[in-house]
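Participant: Coordinates for the following, if possible.
(chains A, B and C)
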Amino acid sequence: MLPVDLPDTVRDALLAPLVDHHCHGVRRDDLTRAEFELLINAGGSPAPPGTTHFDTPFGAALRRWCAPLLDLEPHAPPAVYLARRAELGAGEVNRRLLAGAGVVAFLVDTAPDETELLTAAEMGRHGGAAADELVRIERIERDVAETAQAAVDYLDSLGEELAARAARAVGLKTVIACLCGLDFDPSRPSRGSVIAAANRRLAEPKEPPSDPILLRHLLWSAIDVARERGLPVQFHTGFGGSGPGLHRTDPARLSTLVRALQPVGVPVILLHCYPFHRQAAYLASVCPHVYVDVGASAGVMDELLELAPFHKQLFSSGCRGVAETGYLGALSHRRALGAALGSRLAAGEWSAADAARVAHMIGSGNARRIYRL
Amino acid sequence: MLPVDLPDTVRDALLAPLVDHHCHGVRRDDLTRAEFELLINAGGSPAPPGTTHFDTPFGAALRRWCAPLLDLEPHAPPAVYLARRAELGAGEVNRRLLAGAGVVAFLVDTAPDETELLTAAEMGRHGGAAADELVRIERIERDVAETAQAAVDYLDSLGEELAARAARAVGLKTVIACLCGLDFDPSRPSRGSVIAAANRRLAEPKEPPSDPILLRHLLWSAIDVARERGLPVQFHTGFGGSGPGLHRTDPARLSTLVRALQPVGVPVILLHCYPFHRQAAYLASVCPHVYVDVGASAGVMDELLELAPFHKQLFSSGCRGVAETGYLGALSHRRALGAALGSRLAAGEWSAADAARVAHMIGSGNARRIYRL
Amino acid sequence: MLPVDLPDTVRDALLAPLVDHHCHGVRRDDLTRAEFELLINAGGSPAPPGTTHFDTPFGAALRRWCAPLLDLEPHAPPAVYLARRAELGAGEVNRRLLAGAGVVAFLVDTAPDETELLTAAEMGRHGGAAADELVRIERIERDVAETAQAAVDYLDSLGEELAARAARAVGLKTVIACLCGLDFDPSRPSRGSVIAAANRRLAEPKEPPSDPILLRHLLWSAIDVARERGLPVQFHTGFGGSGPGLHRTDPARLSTLVRALQPVGVPVILLHCYPFHRQAAYLASVCPHVYVDVGASAGVMDELLELAPFHKQLFSSGCRGVAETGYLGALSHRRALGAALGSRLAAGEWSAADAARVAHMIGSGNARRIYRL
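Facilitator: This is a model prediction of the structure:
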């Protein structure tokens, strides 16, 4: 799995348990092929006639690396893989894959009303790991919007719910990038404009929020809570989710807000970032309170290691939907970081001690410090 | 030409005839050095005094790979290369290079009034291949604008010409990115606004169209025709052409239009894409009707193979002006894909059977399916 | 330092003295650890508690490559490195590192009032090289704004100072990207609007200028001077500096201005560019008067060599603050270019003669021609 010529100390550091600082629950139930295919593609549509979502980079990796954990040969055909998966049952598959990921703690963006997904506690149990919650603030907003009667109730409830949920969490998370892009006005909106926006919102409580005024209010409320409780705020950036144009999810567009948050003292975690990881890495390098999520491909890893401070990079699997995503996320991280460190060691650019230390920082040390685990 | 350690099945798949799903005619006449230099640079200006357009990545590749097809040593100096080219004559050179590309079908963005360029049929004859037409809709618009007398004539003729030309074509193509950027309002413009724009347009029929209202009308008219005839629509994206800022050719800016086209059922082919190929690959991965043109450099190939579904990638040479571009496009594709597959095979990440199958899909299979060849 | 299997001619070309066409003076005084850490990070803030700016890609390179020049083992710990640095004293360290860079001429963005920095002449003396001045036009503006009494004085003085400083310089430089982004109106502003802007400016002469009207006037005045004197104009692009969003420093946003400058005949040098070097390389490939600064990482080098004309690429170290940046800039350039050329030679893609010639062009030949050294 790792390059063969790594020193033992580096190999040990790469294989040490990871903190997965951003993942989602996976499905607890047995899945049909159609359901499984939908879950291994971010688009939410079936593959066109005559094609399959297995014919993708993810599908190829799944067949190569997950098949052996299900007692199959590498590169097993999709039908064979899914038959074996059904035979073992979702519970056993989830246990094998999540435990196989070698994770010591999952930080889970939980979805309390999606009962078909494992909870944070269940993710931990299946994976033999600790588990903590991340609070996605737009979920709280939706719950409040569905029950509030008037704008004032709505605003009061929002603040109360944020505080209550944050009390049990290790971090907050926002997906504002997917709802209105990251080029919103970074200032705190006025009370009057927020009340007006809340009234508009209560007219359509079932829709996802899209009004930048309301989303900014929600974000600033979350920042207040994060500051009080010493929690980081995760920002989804880069591709993923629908919403406005992909180019508007570039974390570079957060520059002004990020600078405004420096004196506030709230750590900003830029999630995902791809393909804007260089932008995220640069922000992490110049802003003491900004951190960058480390993707899992060899190319991205090299681009991050050439720019971002080592104490600012955090592993995550981005696990979602099926446990294969969690297993492959961890595996790909170890392989990509192993390759990147291996080439630096072979060129005499780094010492083995530094390589092992950096692998540990990115894999778990930084997350323990920032999330106070 | 290919990595030496590829399995035979993969080598055979890489060397199999390609469908070149996007190219232009090449010059049929003998060229002076000045003419030739202008054609191997996208900018349309001579190189600065004391320099040459041969001192470019393309020039280096041409001297290395095309020289042997003209019976010269690799790395022949530019003057030697051009002398031999003149000696053989344009016809013979075009035959050697186009046939050497190993293409089974050319899909040609034809330019009927540029008589110095080979037609689609001639491209096929020179290359020993089939040939089909792509209709560039902005060319039709220009022809109609030059002859129409009034706005209503103009609009009627536009619809008729689009339908007539599409009847003989395998796809439509738009260069709206080069004329007004890709961040135009994606909705269909109103009839009234189109008539007003047509009147303005007829006052300056010799200029390239730049009015977004007219260009949107043209595009939506083309989409209607494409839907009726089951044709894909190619969008030029990424660098190339003059027009507004390069950043406005990012296919991410097409996100909203692309989503609007999903229920319409018209395949969207993102051409060129560089350096926004990751954006294009992401759209191809989440939208079932979106496809991505595969560039020819090793770096880009790796970035596409790590993100885009294999059934969504299409080889093209982007051949333009001189046949060297077509030969090098095909050669570079085979070399880059060979290197990418070779490294995956060496790492045990893919099986040889999968590698051969993917090479076939990208090289010709996907294009046959989508263009119904 | 270089790949072991390079032909001697290529090795010699890589080791030949460089023209460093863009650098800053380094500190002449002995530095505390806190001061040193601030200077090796672009952000201007200390690293968060428990971390250090040495745990960065730059810190790792410094410990690996600069330590031996200070008679230490590679990978010396930061404390050991800084103790030895203090022991030798700043003068000796600067001499060793700047001379070690192997530079034949420094073009220095001078800062006359920052007396703790080496002047251009001193940079040359320490490095055993020639030295010339680059005039940063926004510095001139600041000096004029601080002394002018009225708008007309201000405008007259600006023109006079630009002309006077340019008479002693080899190039002009603008950091307008960091002040208002590169998506400003590229036209020359009207006299009336400039006078109004100058009046506003004189009310706050100590602030950095941010009014796009004034900045455009300054830039066009500089372009006039550059045209008269046959000087190039350097544009900072890409990351670096504070100011508006990072995405607004993409040189693609300069497309319209760049096209307007083609008939003017002023060479445009795009500095830094990262992570938009592909955009810069494309502009350099299509515009005869545009040149691109070559970054120092292996990844960027490959991306430039696959796109930009070889006669359009210019080495710079971007040296700033401490002499380690200058030494590592030159070293990284030679290593990255050596690796890129080595892989092309190994694949039979280039001849050794071409590789040596290109190394020479990028390292010094292009700069000599463009700056008329």
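Participant: Double-check residue A:319 against residue A:18; I have them as touching.
Facilitator: No. Residue A:319 is beyond contact range of residue A:18, at 11.6 Å (criterion: C-beta atoms under 8 Å). Bear in mind the C-beta positions are built from the backbone N, C-alpha and C, glycine included.
Participant: Looking only at neighbour counts, state which of these two leads.
Facilitator: Just comparing residue A:319 and residue A:18: by other C-beta atoms under 10 Å in any protein chain shown the higher neighbour count belongs to residue A:319, 29 against 25.
Participant: Residue of the stretch 1-150 of chain A nearest chain C, please.
Facilitator: residue A:7 (13.7 Å; C-beta to the nearest C-beta).
Participant: and that residue, how many neighbours?
Facilitator: Quick note: residue A:7 (other C-beta under 10 Å) scores 16 neighbours.
Participant: Look at the nearest residue to it once chain neighbours are set aside and report its pLDDT.
Facilitator: Using C-beta to C-beta, 6 or more residues apart in numbering or on different chains and skipping residues adjacent in sequence, the residue nearest residue A:7 is residue A:352, 4.3 Å away. Per-residue pLDDT puts residue A:352 at 98.
Participant: and residue A:352, what does it touch?
Facilitator: A:7, A:9, A:10, A:345 (C-beta atoms under 8 Å, 6 or more residues apart in numbering or on different chains).
Participant: before we move on, what SS does residue A:291 have?
Facilitator: strand (DSSP: H, G, I helix; E, B strand; the rest coil).
Participant: Pretty sure it sits against residue A:366.
Facilitator: Yes. Counting by C-beta under 8 Å, residue A:291 does reach residue A:366; the two are 7.2 Å apart.
Participant: shared neighbours, those two?
Facilitator: A:312, A:313, A:314.
Participant: Just give me the neighbour total for residue A:79.
Facilitator: 10.
Participant: no wait, residue A:51
Facilitator: 18.
Participant: show me the contacts for it.
Facilitator: B:309, B:311.
Participant: Repeat that for residue A:283.
Facilitator: So residue A:283 contacts A:251, A:252, A:254, A:255, A:258, A:270, A:290, A:292, C:246 (C-beta under 8 Å, 6+ apart).
Participant: what does the model give it for pLDDT?
Facilitator: 95.
Participant: what's the answer for residue A:188, then?
Facilitator: 97.
Participant: how about it, secondary structure?
Facilitator: coil.
Participant: Nearest spatial neighbour of it, chain-adjacent residues omitted?
Facilitator: Using C-beta to C-beta, 6+ apart, the nearest residue to residue A:188 is residue A:220, at 4.6 Å.
Participant: neighbouring contacts of the helix or strand hosting the one you found?
Facilitator: According to DSSP states H and E, residue A:220 maps onto helix A:212-229. The contact list for helix A:212-229, computed with C-beta under 8 Å, 6+ apart, reads A:137-138, A:141, A:155, A:158-159, A:162-163, A:166-167, A:171-172, A:174, A:176, A:179-180, A:184-189, A:193-194, A:196-198, A:201, A:209, A:231-233, A:261, A:264-266.
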